[in-house]
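[1] Provided below for reference: sequence and predicted model.
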Amino acid sequence: MRKALITAGGGTILGPMFKRSTLLSVGTALSCFALTGCIRLNGAGRPMPPTPYGQVPSARQLRWHAMEFYGFLHFTVNTFTDKEWGYGDEAESVFNPTDFDADQIVGVAKEAGMAGLILTAKHHDGFCLWPSAYTEHSVKNSPWQDGKGDVVREIGAACRRHGLKFGVYLSPWDRNYPEYGREAYLTYYRNQLRELLTNYGDLFTVWFDGANGGDGYYGGARETRRIDNRTYYDWNNTWQIVRDLQPFACMFSDVGPDFRWVGNERGIAGEPCWATLSPGDGAPGNTQANLNQGERPGTHWIPAECDVSIRPGWFYHAGQDDQVKTPAQLLDIYYASVGRGCCLNLNLPPDRRGRIHDNDVASLREFRRLLDATFAENLAAGARLTASNVRGKNRNFGPGRLLDGDRTTYWATDDFVFTPELALELPAARTFNVIELREHLPLGQRVDAFAIDARIDGAWKEIAKGTSIGNRRLLRVDPVATTQVRLRITQAAACPALAEFGLYREP
């Protein structure tokens, strides 16, 4: 049996040929893909990368995925009225932090390992943390900094100084504005959106939520107003403003368009949690999709964000100073969010001084110490890796790519090799209790199920298994001491493309 090289679809296909004189047509060549081991070659005879599978992330979504962990800052008049949702009738004079320090707030976030911060520029109460030209209900009429302050500007500038990305939340619902529920409000809302998009530098996200319509002050009307959330905000055209002015900003709502709500405010992703979703008409608040687990297959790449507050409430309340989540609770949330392929958005509410409270700071510091101690050393480093299949037998797709610390490189198999195995021979016996996997996201989510084995007492023993991998998969296991570990891909929709593998010891 010889092998034939034939050109199809801009590449070359390597496959078996049964008769020396047979000239394979393109149609015959495509049927070759039904045979295990077929691959495409480029013009230089080297194997081409796998074809992306299903929906894949955009460049802006890949930037968001890489952040993994960032924070929310809920701060407004509610901080001073001890409420979670303001009614909209709060006097501007209520907002008056006594010792506002943007660098302390952002510094705490950086020390915790966050990659960015999202500020509630306007919550449901309608009070604006920047001097908006379109309303008097803002910091420009508060006593703070004699009405010359701008929280959005100060937090954004502090983020740049500390190397964090900055994003804004602009509540679609406004319980203060007289025209809410009418056509004029959409013009007002879009004008405010443009202010935030053009005056505060690069934004990594614009965050919208689904609280829309109900009772409110509405300029003194003090009534209940209902809106049709499918049509009222004209979301496609509102989102387009963001695309035009901040093309790399990812947008959040319960159904995207760039990343979705995980379906709870506990920070817990589903098991599995797929990055794809079928959002229907895409109108926020009107999906029947499984937000917690995602959908496979899904019509769109809309990965999940896990949002949760470090306290029971989203805004600061002195009565909750002794209810800050412990480092152990934060670790559990991290593994159930980042460790399931999502991004974690942890809320840190500034207190009435305009700082992060000492209790929150202490918990975050210990949480970060534990994370750093866990992931300081990949215990798989130095292992000898043996794969059952390597794409085109080319080292560029070899298993060594899993340990090179580069997310852009990956181990891949030949097309239609869906269930390969990878063995790791460690330099010496090592004890670990955390396992890490990453897929190469530009090629989509390809793996449906996997298992991890360790060689114990001369026999392979399964120690972990899972389904979705995605951006990052972390599995906690009972401590395992061994010199040999095996990864088995037990089900896949396309040939696997894995970027990283790690073994770690959580203190």
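    Okay, I see it.
[2] contacts, neighbours, all on C-alpha from now
    OK.
[3] Walking through the stretch 101-250 of the chain, point out its helices one by one.
    For the stretch 101-250 of the chain, the helices defined by DSSP state H, counting those that start in this stretch cover 102-111, 151-162, 183-199, 235-245.
[4] same deal with the chain?
    Residue ranges of the helices in the chain, as given by DSSP state H, are 26-31, 59-67, 78-81, 102-111, 151-162, 183-199, 235-245, 327-335, 358-375.
[5] Out of those, which gets nearest to Gly444?
    In terms of Cα to Cα, the element of the helices of the chain nearest to Gly444 is helix 59-67, at 11.2 Å.
[6] Let me have the helices of the chain in TSV, extended by mean neighbour count and distance to Phe315.
    Compiled in TSV, the helices of the chain are given as follows (neighbours: other Cα atoms under 10 Å; distance: least, Cα to Cα, whole Å):
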stretch	mean neighbour count	distance to Phe315
helix 26-31	14	59
helix 59-67	17	24
helix 78-81	21	6
helix 102-111	20	14
helix 151-162	19	16
helix 183-199	16	22
helix 235-245	15	27
helix 327-335	18	18
helix 358-375	17	13
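[7] Reformat the ones you listed as CSV; add distance to Ala481 and mean pLDDT.
    Compiled in CSV, these are given as follows (distance: least, Cα to Cα, whole Å; pLDDT from 0 to 100):
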stretch, distance to Ala481, mean pLDDT
helix 26-31, 46, 35
helix 59-67, 31, 98
helix 78-81, 50, 98
helix 102-111, 32, 98
helix 151-162, 40, 98
helix 183-199, 52, 98
helix 235-245, 51, 97
helix 327-335, 22, 98
helix 358-375, 16, 98
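[8] Could you dump these into TSV with distance to Leu402 added?
    Output for those, formatted as TSV (distance: least, Cα to Cα, whole Å):
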stretch	distance to Leu402
helix 26-31	30
helix 59-67	17
helix 78-81	47
helix 102-111	28
helix 151-162	31
helix 183-199	39
helix 235-245	35
helix 327-335	21
helix 358-375	16
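[9] Which one of the ones you listed lies nearest to Glu305?
    Closest to Glu305 of these, according to Cα to Cα: helix 59-67, at 9.7 Å.
[10] can you list the weak-confidence ranges in the protein?
    Segments of the chain classed as low confidence (criterion: pLDDT under 70) are 1-37.
[11] quick one, domains of it?
    Following automatic domain parsing, one finds the domains of the chain at 2-41, 67-261+305-325+343-375, 384-504.
[12] For Asp281, find the nearest of these.
    Closest to Asp281 of the domains of the chain, according to Cα to Cα: domain 67-261+305-325+343-375, at 8.7 Å.
[13] dump the residue contacts of Ala133.
    By Cα atoms under 8 Å, 6 or more residues apart in numbering, no residues touch Ala133.
[14] same check, this time on Leu331
    For Leu331, the contact set (Cα under 8 Å, 6+ apart) comprises Phe367, Leu371.
[15] What's the separation between it and Lys110?
    Relative to Lys110, Leu331 is positioned 17 Å away (Cα to Cα, to the nearest Å).
[16] how about the domains of the chain in a markdown table, adding distance to Pro47?
    Shown next, in a markdown table, are those (distance: least, Cα to Cα, whole Å):
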| stretch | distance to Pro47 |
| --- | --- |
| domain 2-41 | 4 |
| domain 67-261+305-325+343-375 | 31 |
| domain 384-504 | 6 |
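[17] and of these, who's closest to Pro50?
    With Cα to Cα as the measure, domain 384-504 is the member of the domains of the chain nearest Pro50 (7.1 Å).
[18] Start and end of that closest one, how far apart?
    End-to-end distance for domain 384-504: 17 Å, by Cα to Cα.
[19] ok now it, how far from the chain's centre?
    In terms of Cα atoms, centre = their mean, to the nearest Å, the centre of domain 384-504 is found 22 Å from the chain centre.
[20] Test of understanding: give the bridge partners of the closest residue to Leu170 other than its chain neighbours.
    Among residues not flanking Leu170 along the chain, Lys122 sits closest, at 5.1 Å (Cα to Cα, 6 or more residues apart in numbering). When assigned by DSSP bridges, Lys122 has beta-bridge partners Cys128, Leu170.
[21] Report the contact partners of Met114.
    By Cα under 8 Å, 6+ apart, the contact set of Met114 is Phe69, Tyr70, Gly71, Leu164.
[22] if we go to 10 Å?
    Residues in contact with Met114, defined by Cα atoms under 10 Å, 6 or more residues apart in numbering, are 67-71, 106-108, 164-165, 344-346, 368.
[23] shouldn't Thr490 be in contact with Asp448?
    Yes: between Thr490 and Asp448 there is a contact under Cα atoms under 10 Å: 7.7 Å.
[24] Name the residues contacting each of these two.
    Common contacts of Thr490 and Asp448 (Cα under 10 Å, 6+ apart): Phe418, Gly466, Thr467.
[25] Show me those residues that map onto strands.
    Gly466 (DSSP state E).
[26] Mind picking the one among the shared contacts of Thr490 and Asp448 that's closest to Pro327?
    Using Cα to Cα, the shared contacts of Thr490 and Asp448 come closest to Pro327 at Gly466, 25.6 Å.
[27] how near is the closest one to Gly54?
    Going from Gly466 to Gly54 by Cα to Cα gives 20 Å.
[28] again with Leu422
    25 Å.
[29] circling back to that earlier point, of Thr490 and Asp448, give the one with the bigger neighbour count.
    Using other Cα atoms under 10 Å, the more surrounded residue of Thr490 and Asp448 is Asp448, with 20 against 17.
[30] Now do the same contact list for the more buried one.
    272, 274, 296, 418, 466-469, 489-494, 496.
[31] Which strand residues bridge Thr276?
    Beta-bridge partners, per DSSP bridges, of Thr276: Trp301.
[32] wouldn't it be in contact with Asn292 here?
    No: between Thr276 and Asn292 there is no contact under Cα under 10 Å: 11.2 Å.
[33] ok, now which ones touch the residue nearest the centre of the chain?
    When Cα atoms, centre = their mean is applied to the chain, the residue found nearest the centroid is Cys343 (3.0 Å). Cys343 sits next to 64-70, 259, 262, 267, 269, 303-307, 334, 337, 471-472 when contact means Cα under 10 Å, 6+ apart.
[34] of the residues you listed, buried ones?
    For those, a burial check counting by 16 or more other Cα atoms under 10 Å picks out 64-65, 67-70, 259, 262, 267, 269, 303-307, 334, 337, 471-472.
[35] Among those residues, which lie within strands?
    Using DSSP E, the subset of those located in strands is Phe69, Tyr70, Ala304, Glu305, Cys306, Asp307.
[36] How about the contacts made by the fifth one?
    Taking Cα under 10 Å, 6+ apart as the contact definition, Cys306 lies against 69, 260-269, 292, 333-334, 336-338, 342-346.
[37] do that again at 8 Å, thanks
    If you count contacts by Cα under 8 Å, 6+ apart, then Cys306 has 261-262, 264-269, 337, 342-345 around it.
[38] dump the residue contacts of Asp150.
    Leu129, Trp130, Pro131, Val139, Lys140.
[39] Kindly indicate which of the residues you listed lies nearest Thr198.
    Closest approach to Thr198 among the contacts of Asp150 (Cα to Cα): Trp130, at 12.9 Å.
[40] That closest one and Val152 touch, don't they?
    Yes: between Trp130 and Val152 a contact is recorded at 5.7 Å, counting by Cα atoms under 8 Å.
[41] between the two, what contacts are shared?
    Ala121.
[42] rewinding a little: residues in contact with the residue lying closest to the residue nearest to the centre of the chain once chain neighbours are set aside?
    Closest residue to Cys343 apart from its sequence neighbours, by Cα to Cα, 6+ apart: Glu68 at 4.4 Å. By Cα under 8 Å, 6+ apart, the contact list for Glu68 reads Ala115, Val338, Cys342, Cys343, Leu344.
[43] So which of those sit within strands?
    Those of the contacts of Glu68 lying in strands (DSSP E): Cys343, Leu344.
[44] Output the contacts of Glu68 as JSON lines; include the columns distance to Glu223.
    Output for the contacts of Glu68, formatted as JSON lines (distance: Cα to Cα, whole Å):
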{"residue": "Ala115", "distance to Glu223": "41"}
{"residue": "Val338", "distance to Glu223": "42"}
{"residue": "Cys342", "distance to Glu223": "39"}
{"residue": "Cys343", "distance to Glu223": "38"}
{"residue": "Leu344", "distance to Glu223": "37"}
